[in-house]
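# With the input below, show me the fold.
(2 chains)
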Amino acid sequence: MIRFKKVFKAFPKDSLALKDLTFHVGRGEFVFFTGHSGAGKSTVLRMVYADELPTSGAVWVSGMATAELRRRDIPRLRRRLGIVFQDFRLLEDRTAEENVAFALEVTGTRRAAIAPKVMRVLTQVGLAAKAHAYPRELSGGEQQRVAIARALVNDPLVILADEPTGNLDERATRGVFQLLRDINATGTAVMMATHDLDLVRQTTYRTIELKEGALVYDSGDEPSALAEDGR
Amino acid sequence: MTLTLREALLSFRRAPLLSGLAVTTIGFALFVVGLFGLVALNLRATLAEVAERVEIVLYLARGTPVDVVTVAIGDIQVFPEVQDVTYVTEDQALERARRELSEFRGVFSDLTQNPLPASLEIQLKPGFRDAEHVAAVADRLTGFRFAEDVRFGGDWVEKLDRLRGIAAAVGLVVGIAFGAAAVIIIGTTIRMTVLARNREIQIMRLVGATDGFIRRPFLLAGALKGALGGLLAIGLDYAAYQAVSRSLFTASFFSPGQTLLFLLCGTVLGFLASAASVNRHLPPL
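A predicted model of the protein is given here:
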């Protein structure tokens, strides 16, 4: 579903951000991207939503090579992805409900269809009762749940989560992580960048470790993991 | 469309101070442009009024037969520059002199013989009331055998010409300067509102908003601000016009058509300024 092939990424006045990266994320998979700050985790996710394009090599998302997308195709690609950030990126002057509805309005969804969909995902993330609260009235964990609801509302192929628990205390971290696991259990793939190794160790999900832009470890390559996945 | 309108209106509610500032700034910029337009309008009207008085007087030789004069009037009337020819007989000339030059009334009443010649007063069409055309027509008129003298006040027609030239040049330069200043001020003001919503634009991009979807509310809000600014400017211009009319001299104001055009200009200006700044500040995808 998401394929990186010999991807290099160079930024001006910077060493290579990504070096010869090749991997594949299948439908419904949960993959951690780990590594130190600046290892290239965020760049990988940005490549998936075509915020950055490879300097050489290619990135395919659902069969489309991002480098070949026309400008007007990029929004269409992003509507099939759900993106979650460390800093939530909610619109401060809109309620939780409006923030989620916004992602549907953008796609031109009929007004009548918006409200039920919004309530469904807010219920799914456990925030139905706080639909009318503004971001400033919510805790960090709750704000991240709203962001996740917004990412979910378009039924994405994959959730791209860039340090989603980076700003949260331990309890909220557990809650948000469990939510992502629940979402993954319903068949949505999750690509999560994190440097919280405790989270990574809690599960047997596939882990890709990056170091200075290069892939240094992929647990999916291990025979046991392959056998476990049945691939 | 309803969503675009809602978002555009919401932008006023979300940033009332910035929106108010934008409308006020646009209003004042257009106010100055409008004020200048009023000055130009009134100056032009005054000059046209003065120009209307440009006429050529052909004094007839004494004893020119009336039928010759009648034929000549017909000839002159078909000159392309000529609007009107008036025949003033000797008696009418004397009558007019008595009426208009009242201080010489005694002199005129004592006359036993009318010393004033008959004349043809020739008015030119608008557009031909400048020194060059007036001189050309006067030159042609001297060709008539019965023409004793042709007068047209060459000096002051030339002065009027120069004044008109200066007014047009100053009008053009100052008009362009004020217009450009207004465009820059409006552009900057709208750019501030776009920058203030930069974060929102980025979030819109992340959830898959198209360029058009992001741009439309900004363009509509810009056009609305332009229209409101234009309305404010017209109000201020009208107040200024009233103040001048009451205390200094009677001036004229924009016609309803011109007022509408002014508002339209404000709207288009707001729209274009938003288009320019949104395009420049839309973050890359």
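
# which intervals of the chain have sub-threshold pLDDT?
Using chain A here. Applying pLDDT under 70 to chain A flags the ranges A:222-231.

# if you could check chain B rather than the one you did, that'd help
Using pLDDT under 70, chain B drops low at B:1, B:105, B:108, B:154, B:281-285.

# Doesn't B:G20 belong to a helix?
Yes: assigned with DSSP: H, G, I helix; E, B strand; the rest coil, B:G20 falls within a helix.

# Pull up the gap between it and chain A, please.
When distance is defined by Cβ to the nearest Cβ, to the nearest Å, B:G20 is 17 Å away from chain A. Yep, even glycine has a C-beta here, placed from its N, CA and C like the rest.

# Just the strands from the chain, written as ranges.
All of this refers to chain A. Using DSSP state E, the strands of chain A run over A:2-10, A:16-25, A:30-34, A:56-61, A:64-65, A:81-85, A:158-162, A:189-193, A:206-211, A:214-218.

# try chain B instead
Using DSSP E, strands in chain B cover B:55-60, B:82-88, B:119-124, B:147-151.

# Out of those strands, which gets nearest to A:M119?
Of all the strands of chain B, it is strand B:82-88 that lies closest to A:M119, at 78.7 Å by Cβ to Cβ.

# Beta-bridge partners for the residue minimising distance to the centre of chain A, please?
Note on chain A: the residue nearest the mean C-alpha position is A:L160, at 0.9 Å, using Cα atoms, centre = their mean. As for beta bridges, A:L160 partners with A:I83, A:M191 under DSSP bridges.

# just checking, it touches A:D51?
No: contact criterion Cβ atoms under 8 Å: A:L160 and A:D51 do not qualify, at 10.2 Å.

# neighbours of A:G140, just the number please.
Look at A:G140: counted by other Cβ atoms under 10 Å in any protein chain shown, it has 16 neighbours.

# List the contacts of it.
With contacts defined as Cβ atoms under 8 Å, 6 or more residues apart in numbering or on different chains, A:G140 is in contact with A:F88, A:N167, A:L168, A:D169, A:A172.

# Which members of the residues you listed are positioned in helices?
By the criterion of DSSP state H, membership of the contacts of A:G140 in helices covers A:A172.

# Just the C-alpha atoms of stretch B:252-270, please, in PDB.
C-alpha atoms of stretch B:252-270 as PDB (Å, rounded to 0.1, in the frame of the first residue of the first chain):
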ATOM      1  CA  SER B 252     -20.700  69.000  -7.300                       C
ATOM      2  CA  PHE B 253     -20.600  65.400  -6.000                       C
ATOM      3  CA  PHE B 254     -20.300  62.100  -7.900                       C
ATOM      4  CA  SER B 255     -23.300  61.000  -9.900                       C
ATOM      5  CA  PRO B 256     -25.100  57.800  -8.700                       C
ATOM      6  CA  GLY B 257     -23.300  56.000 -11.600                       C
ATOM      7  CA  GLN B 258     -19.900  57.300 -10.500                       C
ATOM      8  CA  THR B 259     -20.700  56.400  -6.900                       C
ATOM      9  CA  LEU B 260     -21.600  52.900  -8.000                       C
ATOM     10  CA  LEU B 261     -18.400  52.700 -10.100                       C
ATOM     11  CA  PHE B 262     -16.400  53.800  -7.000                       C
ATOM     12  CA  LEU B 263     -17.900  51.100  -4.800                       C
ATOM     13  CA  LEU B 264     -17.200  48.600  -7.600                       C
ATOM     14  CA  CYS B 265     -13.600  49.700  -7.800                       C
ATOM     15  CA  GLY B 266     -13.200  49.200  -4.000                       C
ATOM     16  CA  THR B 267     -14.700  45.700  -4.300                       C
ATOM     17  CA  VAL B 268     -12.500  44.800  -7.200                       C
ATOM     18  CA  LEU B 269      -9.500  46.300  -5.500                       C
ATOM     19  CA  GLY B 270     -10.200  44.200  -2.300                       C
END
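
# Now do the helices in chain A.
Using DSSP H, helices in chain A cover A:41-48, A:73-78, A:96-105, A:111-124, A:140-152, A:170-185, A:197-202, A:223-229.

# Tell me which of those helices is the most buried.
Ranked by mean neighbour count, these are led by helix A:140-152 with a mean of 25 (mean count of other Cβ atoms under 10 Å in any protein chain shown).
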